[in-house]
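In: Give the three-dimensional model of this entry:
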Amino acid sequence: MASSLRALVLLLASLWLAGCSGLLFYPEPGLPITPARAGLEYRDIELRAADGTRLHAWWLPAQAGVQVKGTVLHLHGNGGNLAWHLGGVHWLPEQGYQVLMLDYRGYGLSEGKPRLPEVYQDIDAAFVWLEQAPQVQGAPLFLLGQSLGGALAVHYLAEHPERQSTLQAIALDGVPASYRDVARHALSKSWLTWPLQVPLSWLVPDGDSAIHSIDRLAGAPLLIYHSVDDVIVPLSNGQRLYQAARPPRAFQATRGLHVQTFAEPAWRQSLLAFFVAPQAYVERLGPATESATESPQ
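Out: Predicted coordinates for the structure are as follows:
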C-alpha cells in the first residue's frame, strides 16, 4: 500500500511539473524510416515557425504519370513522429493527391518542445508554405487531421478564419472532442489512477479542445470519421463533434483501432469520393449514424 501511495504521489508530481499542455504530446525524436521504404517519392521540407523554430515536413508528390487532383495537409496524432503516421496517407499519391506531412515542434527532426499555444505556429508555417509552393497553386487544398492533429486543426482554423477559406474540405479521424474527457477515460482504466481520475484530469487543459471551437468552422464541408471500436478516443467524441459542428457536415462510423481507418480500402474510397465532391458527399451521407457496417458512399 505504501508503495502504491508513493507511486501516486510521484505521478501527481510529474503531471504537475510537466506543465498542462505537455500532457497532450508524446513525441519521438528521429525518424526510423522514410517514405522511400514504402516505395514513395518524397522530399524533406524545412519550415520556420513565427518564433523561428525549425520544423521538418515530408512532401509526397502525386505519383508520376497521375494527374494532380489536389493537395492534402496531414496533421498527425500525439504520439511518435511522421514515420509512425505514414500509413494514414501513403496511399494518396497514387490517387493523384500530393501530401504535406508536418511534424510539430519536438517531433521527429523538428526542433523545440511541443506546447500550447506555440504548436499552432507550426500549423501556420505549413499553411504559409502551401501558399507559396508553386506545385500547390491552382489545385484544391484539403486538410486531414487525425486524433490530436484534428483537434489542433479545429482550434487553429477557428482562430484563423482566413485559412478556412483556402480549404476545399476538411476530414477528421478519431478526434477527441475534449482533451480532459479523454484523459479521464484513460485514467479510469488503471486501478492506480481510477480513484483520482477526476482530479488528475483537471490538470489537462481543455480550453483549446475541439468541442469549444468546431462551431466556428464555416464554409468548407466537414467529414468526421470515428471507429466504434476505438478504446483510446471513444466513439462519443466523434458524435459530439458532429452535433456541435455547423452544416455542411457528415459523420461516418467505422470499425478498427484508433486512427487505423485508412488501412481499410473501403474507407479510402470514401475519403476519395469526399474529396472529389465534398458538398454532394455530405448531403448524400445524410444524418449521423452509428452504423459502421454500411458500404461507404
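In: From now on I want contacts and neighbour counts done on CA atoms only, so please keep to that.
Out: Will do.
In: residue ranges with poor pLDDT in the stretch 51-200 of the chain?
Out: Along the stretch 51-200 of the chain, the parts satisfying pLDDT under 70 run over 182-200.
In: What ranges does it have for its helices?
Out: 82-85, 119-132, 148-159, 161-164, 179-187, 197-201 (DSSP state H, counting those that start in this stretch).
In: Which residues does the first one contact?
Out: Spelled out, that is helix 82-85. 31-35, 57-58, 76-77, 101-103, 107-108 (CA atoms under 8 Å, 6 or more residues apart in numbering).
In: that older thread, could you export the helices of the stretch 51-200 of the chain as JSON lines, including mean neighbour count?
Out: Putting these into JSON lines (neighbours: other CA atoms under 10 Å) gives the following:
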{"stretch": "helix 82-85", "mean neighbour count": "20"}
{"stretch": "helix 119-132", "mean neighbour count": "18"}
{"stretch": "helix 148-159", "mean neighbour count": "23"}
{"stretch": "helix 161-164", "mean neighbour count": "14"}
{"stretch": "helix 179-187", "mean neighbour count": "20"}
{"stretch": "helix 197-201", "mean neighbour count": "17"}
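In: who wins for proximity to residue 249 among those helices?
Out: helix 148-159 (13.6 Å; CA to CA).
In: Other residues contacting the helix or strand hosting residue 45?
Out: Assigning secondary structure by DSSP states H and E places residue 45 in strand 43-48. With contact meaning CA under 8 Å, 6+ apart, strand 43-48 is reached by 54, 55, 56, 57, 58, 59, 60, 122, 125, 126, 129.
In: Could you measure from residue 38 over to residue 47?
Out: As judged by CA to CA, to the nearest Å, residue 38 and residue 47 stand 24 Å apart.
In: how about the strands in the stretch 151-297 of the chain?
Out: 169-173, 222-227, 249-254 (DSSP state E, counting those that start in this stretch).
In: List the neighbouring strands of the first one plus their orientation.
Out: When sheet partners are counted by DSSP bridges, strand 169-173 sits next to strand 141-146 (parallel), strand 222-227 (parallel).
In: can the ones you listed go into CSV with extra columns for mean neighbour count?
Out: Putting those into CSV (neighbours: other CA under 10 Å) gives the following:
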stretch, mean neighbour count
strand 141-146, 24
strand 222-227, 26
